[in-house]
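A.B. asks: Here is my input; please provide its structure:
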Amino acid sequence: AQGKMAFTGKYEFEGDENYDAFVQKIGLPSDKVEMGRNCKIVTEVVQNGNDFTWTQHFPGGRTTTNTFTVGKEADMESMGGKNFKATVKIEDGKLVVDFPNYRHTAEIRGGKLVEISTSSGVVYKRTSKKIA
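C.D. replies: Okay, the predicted model is just below:
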């Protein structure tokens, strides 16, 4: 089943739900909250089997990149810019990773990248459309 997941591509932010409630819940600093609101983030994913490079391009030229292999511990960076170690898993065709204070899933649904982060019952959903 793993071969069916095709994450590779470039995706541009299209919309989100519950942003403010979620970033308050995870304690994101207010300057970062403003920066991330309706931010036209472009997410670039390169998938080679179970190896992923996941880059987010922010307006203004800032980028963050997480490189990981499914099932192996990797160094990751969270939404708030914190570094931590995590193991990305695959469940039902979704990538799943537990961040220090939230659980993140990513899947391709109808040609869109759908990312869901959950913290203490607050669900943040971000949808990005494929542009390349």
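
A.B. asks: Can you tell me who Lys89 pairs with across the strands?
C.D. replies: Lys89 has these beta-bridge partners by DSSP bridges: Val96.

A.B. asks: what do you get for Phe68?
C.D. replies: In this entry, Phe68 is beta-bridged to Phe52, by DSSP bridges.

A.B. asks: Tell me if I'm right that it and Gln47 touch.
C.D. replies: No - in this structure Phe68 lies outside contact range of Gln47 using CB atoms under 8 Å: 10.8 Å. Glycine gets a C-beta too; all of them are placed from N, C-alpha and C.

A.B. asks: Looking at those two, which is more packed in?
C.D. replies: Phe68 (20 against 16; other CB atoms under 10 Å).

A.B. asks: mind listing what that one touches?
C.D. replies: Residues counted as contacts of Phe68 (CB atoms under 8 Å, 6 or more residues apart in numbering) are Asp51, Phe52, Trp54, Ala74, Met76, Ala86, Val88.

A.B. asks: Great, nothing more from me.
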